[in-house]
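Student: I'd like to go over a predicted model; first the sequence, then the structure.
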Amino acid sequence: MRLFHNNKVLVISVFILAIIVRFIALFAVEPISNPKTWEYEEIANNIIQGKGLFYTFYGTPYRATYIILYPLLCSAVYIFTNHSFLALKIIQIFISLITCLLIYRISLRLFNHRVAILSLLLVSLHPGLVYYSVRLHSLVLDIFLFTLSVFILLKILDGKNVYRIAFFSGIIFGLTLLSRTTIALFLFFAFLIIFHIFNENTPMP
């Protein structure tokens, strides 16, 4: 089909569409100055105030929480922007857009240009992904880190710069564990892939 001949134009067009719908959602989903917040907001404020990483649930403080990375991101943004919700949401939009590109690259690696462009279109316009890209929730960061983990593993399969990429993948997996611990379910498969590639690249004595 001629529609898929000029892939660069299609990719840029869909990506621009992804930007537009996210900035429409930024102003349409909820008031920027008065957003709905979850426990992440309390944790971020407690970090800024020097109270530590904890939150309260029905009056009970929880200090040993796995919810670490997103509140740290929030607190860092708040410190440098005078607690700007707008700045945090723009950063989340940026993270969401990178996720769209990563999914395009993954689809291109596993399938072909048509599937990759269709994947980019679907993830760019997915209502839930657009919606949560402008909500103060960790989902946008979780999806980004999961997607980046898959992308890095596929780069290892290429067999180039294996040790450097494997080291980087360990860092990404570690950050993902700080955001959403369910990534641990995939670590076993990741180790199998890395072990297999290492064996292939190790010369026989």
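Tutor: Great, that's in hand.
Student: In three-state terms, label residue 189 for me.
Tutor: What DSSP: H, G, I helix; E, B strand; the rest coil gives for residue 189 is helix.
Student: now the helices for the chain?
Tutor: Taking DSSP state H, the helices of the chain run over residues 7-28, 39-48, 69-81, 85-110, 113-125, 127-132, 139-157, 162-179, 187-201.
Student: and of those helices, who's closest to residue 56?
Tutor: helix 39-48 (7.0 Å; C-beta to C-beta). (Each C-beta comes from the backbone N, C-alpha and C, glycine too.)
Student: helices or strands next to that closest one in the packing?
Tutor: On a contact count with 3 or more C-beta pairs under 8 Å, 6 or more residues apart in numbering; DSSP states H and E, helix 39-48 meets strand 55-57, helix 69-81.
Student: Would you mind listing the buried residues in it?
Tutor: Buried residues in helix 39-48, counted by 16 or more other C-beta atoms under 10 Å: 39, 40, 41, 42, 43, 44, 45, 46, 47.
Student: what residues are up against the fourth one?
Tutor: By C-beta atoms under 8 Å, 6 or more residues apart in numbering, the residues touching residue 42 are 55, 56.
Student: One more: the first one?
Tutor: Residues counted as contacts of residue 39 (C-beta under 8 Å, 6+ apart) are 55, 57, 67.
Student: So which residue is dead centre in this structure?
Tutor: Residue closest to the average C-alpha location in the chain (C-alpha atoms, centre = their mean): residue 144, at 1.3 Å.
Student: Does it touch residue 96 like I think?
Tutor: Yes: judged on C-beta atoms under 8 Å, residue 144 makes contact with residue 96 at a distance of 7.3 Å.
Student: measure the nearest residue to residue 124 once chain neighbours are set aside to residue 157 for me?
Tutor: Spatially, and ignoring its direct neighbours in sequence, residue 124 is nearest to residue 18 (3.5 Å; C-beta to C-beta, 6 or more residues apart in numbering). For residue 18, the distance to residue 157 (C-beta to C-beta, to the nearest Å) stands at 27 Å.
Student: Verify the stated contact: residue 77 with residue 87.
Tutor: Yes: with contact defined as C-beta under 8 Å, residue 77 and residue 87 form a contacting pair (5.6 Å).
Student: that older thread, out of the helices of the chain, nearest to residue 61?
Tutor: helix 39-48 (9.6 Å).
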